[in-house]
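In: Provided below for reference: sequence and predicted model.
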Amino acid sequence: MKRRPLVAALLACTPIALVAQPRAMQLADWYKVTTVSQPAMAPDGGRIAFTVTTVNEKENKRHQEVWVVPAAGGEPVRFTAPGYESSNPRFSPDGKYLLFSSNRPGGTSGAGNTWAIRMDVPGGEATQLTEYPSGSWPRDGKFAVFAAPAAEDSTAARGGASADPYARMQPMARPPFGAITKPADPARFDGRHILDARYKANGQGFVPSARQARVIRPQQLFTQAPGAKRVAFTNTAYSHRSPVVSPDGKQIAFIADVSLRPDSVVTAINDSLALLPYDAARDERERNDADIYVIPVAGGAPRKVVTLMGTESDLTWSPDGKQLAFVHRPGRMAQAVLSVVDIANGTTRVLIPSWRYEPAGMEWLPSGEIAMWAEIGGSSALHLINPRTGAMREVLGGRRKLSGFTFNAAGTTVAYVATSVTKPTELFVAGVDGKGERKLTAFNDALNAQVAWSDAERFTYRMPRRAGSRDSLEIEGWLMKPFGYQAGTKYPLVLYIHGGPHSQYGEQWFDETQNLAAAGFMVLYTNPRGSSGYGADFTYDTRGRWFAEDYEDLMRAVDLAAARPDVDSTRMGVTGGSYGGVMTAWVTVKTQRFKAAQADRMIANWWSWYGTSDAQGLTEFEFFGRPWDNPVMYDTLSPIRYVRAVKTPTFILQSEEDHRTPMTDAEQWFAALKRQGTPVEFVRYPRSTHDLSRTGEPWLLVDRLGRLRDWFGHWLR
């Protein structure tokens, strides 16, 4: 008879009731989740550096460190001091340095925030690198190429500051350049003096107006060898953007104005156009403002490679330096495609012209294949493409989100961050063909064993493109079951609506859906028309048609969920933020099927929003002009116009420093509901921006999650 180990024998005798079972997520669990991001693989593929973000609950802040793990497996090691914030790791081309960004003390003032650790000298301390370049490197790693404005004239930069009578004033209080009024006594005025159109921005707060005449400084090309000063490579009146040096170090490709017009001319034209009312013939016409150029590193004039309508981005050299791969979007609403151009003759090919999805990034591997990653609906995947034939195969994918792809110099190994509905982020590595995938970190394993994260059923349904149309579109959605789900029981349901509108939900761990599922709710979330990840036609299908087909897509998902035997259709709620917040208000205008609503970062009145937001360009494009250009659309799409129809109890959450969807719209919605007797509560979060639910102060973020539980728990029980 075989003997069992003592521990195994004891476990076999342990009553089942004594074995800890995973529990529901508690609010305090949010502080315990670790986020892995920004992976960077060493050139030899032996190690991977990455950023680890944790939450210090006691101090109410996040903390970032750089860690390193062997690609072959092993314990991850923290490489940066825990007392400072460190992030954005990257290796030098020779692998001798691990560079990272940090604002730690002890560095040279004005020398930047780049620090480095010697990887070939064990136990070395981090030192500040003041002369180490960042940019595009050739294969031999001897120098880097980058674009930056030419150095500002020191006299102009000082602008006579020593004699400035307003120098001691707060930046927003100083009279801007061109202002007519001046403070009677600079020492006694502490208000805000505004002249520039852009005077506030979400996350930045109020932005001071210019103190001197605008100086246009075109982006020039620079080269820099490690340890040396940068050397200006160009001196032109036009800008060079997104430069990449060829593998042999002989050519630089960049993007510049279609006719190499001076930046001052282009700026003046754009400034003039911005003052004109919307004109369909002019504003809807496809444009070509920039093209791809190459210039020899040895010197010479730039040469245009190809002229294409639309925009080009993500320039990537072929290993032999004869071709460039790039992402081409022929028009603002056109499908982005992966293209390749011959440097010598400009012949351009679209590699996968009939593909539904759009490339998100690429790497041209030494093997000759192109590694391309993309959003595949709510999932993501890595593909390998043969640039000669256009043949494509998926090598990494599945029901998960992958990000941060990084390769070794040989292009044989890839590292990335992965997350799924029930698993927060961790670091993975695999062969570039997708074989031998390994999980390298386990920061969240202990928490995953304690908490029963809820899974979600993925489903799809079809909707007519337009009312009465035979053409239809597939819509993707998810239904997350509550903790402790039991068949035969009916559960209340909450519909989540994402922001954007060109954002998306997907196959990743998401604190908000997990929060409500843990509290006993079914959680329904979908990607209606207007969402990203399904091709340009799908993304821009809602332009000029907000709250039409996108609303119908959402309600059809609710119909499908409500018909299930485990959903109580008499106890349903709706919530969303930003676009999801205004759509939530619209839903309560259109129907009373929901017993409770929560509007986050909402918009009630498009006129007032336009006058107070930092993102007017959104509706100038989506609604075909400014409010006075298209008043009917701005009026008819404002929920406040129909507020009399709203009977749904509504909870409003808004951030005091949100300049994307400012407080005024939440105030209007609250006042209107309160005046007509609709149950409403209003919470205003201090020191918070539009990004409270993602990057806000931890205590306030968790407070918000708790209030969502409270609100829906009260009205849907």
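Out: That came in fine, so what should we check first?

In: pull the contacting residues for the closest residue to residue 714 other than its chain neighbours.
Out: Spatial nearest neighbour of residue 714, chain neighbours left out: residue 596 (7.7 Å); criterion: CB to CB, 6 or more residues apart in numbering. Glycine gets a C-beta too; all of them are placed from N, C-alpha and C. Residues in contact with residue 596 (CB atoms under 8 Å, 6 or more residues apart in numbering) are 573-574, 648-651, 711-712, 714-716.

In: now do the end-to-end distance for stretch 223-238.
Out: Stretch 223-238 has an end-to-end distance of 18 Å (criterion: CA to CA, to the nearest Å).

In: flag every buried residue along that stretch.
Out: Using 16 or more other CB atoms under 10 Å as the test for burial, stretch 223-238 gives 223-224, 226, 230, 233-234, 236, 238.

In: return the member of those residues nearest to residue 428.
Out: Taking CB to CB as the measure, residue 226 is the one of the buried residues of stretch 223-238 closest to residue 428, at 31.0 Å.

In: pLDDT score for the closest one?
Out: On the pLDDT scale, residue 226 is placed at 90.

In: and the gap between it and residue 93?
Out: 9 Å (CB to CB, to the nearest Å).

In: now do residue 410
Out: 13 Å.

In: same question for residue 267.
Out: Where residue 93 is concerned, residue 267 sits at a distance of 36 Å (CB to CB).

In: likewise residue 540?
Out: Using CB to CB, residue 540 is found at 40 Å from residue 93.

In: which residues of the stretch 601-717 of the chain fall in strands?
Out: Along the stretch 601-717 of the chain, counting by DSSP state E, counting those that start in this stretch, strands occupy 650-655, 680-685.

In: can you redo those as TSV with mean neighbour count and distance to residue 694?
Out: Listed next are the strands of the stretch 601-717 of the chain as TSV, based on neighbours: other CB atoms under 10 Å; distance: least, CB to CB, whole Å:
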stretch	mean neighbour count	distance to residue 694
strand 650-655	26	12
strand 680-685	17	13
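
In: can you redo those strands as a markdown table with mean pLDDT?
Out: Formatted as a markdown table, the strands of the stretch 601-717 of the chain follow (pLDDT from 0 to 100):
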| stretch | mean pLDDT |
| --- | --- |
| strand 650-655 | 98 |
| strand 680-685 | 98 |
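
In: residue 94 contacts residue 141, correct?
Out: Yes - if you go by CB atoms under 8 Å, residue 94 and residue 141 touch, sitting 5.5 Å apart.

In: average model confidence for the helix or strand where residue 402 lies?
Out: Taking DSSP states H and E as the definition, residue 402 sits inside strand 401-407. Averaged across strand 401-407, pLDDT comes to 98.

In: whichever helix or strand comes after it pairs with which strands, and in what direction?
Out: Downstream of strand 401-407, the next assigned helix or strand under DSSP H and E is strand 413-420. When pairing is defined by DSSP bridges, strand 413-420 lines up against strand 401-407 (antiparallel), strand 423-431 (antiparallel).

In: just send those back as JSON lines, with mean neighbour count too.
Out: Shown next, in JSON lines, are the strands paired with strand 413-420 (neighbours: other CB atoms under 10 Å):
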{"stretch": "strand 401-407", "mean neighbour count": "20"}
{"stretch": "strand 423-431", "mean neighbour count": "20"}
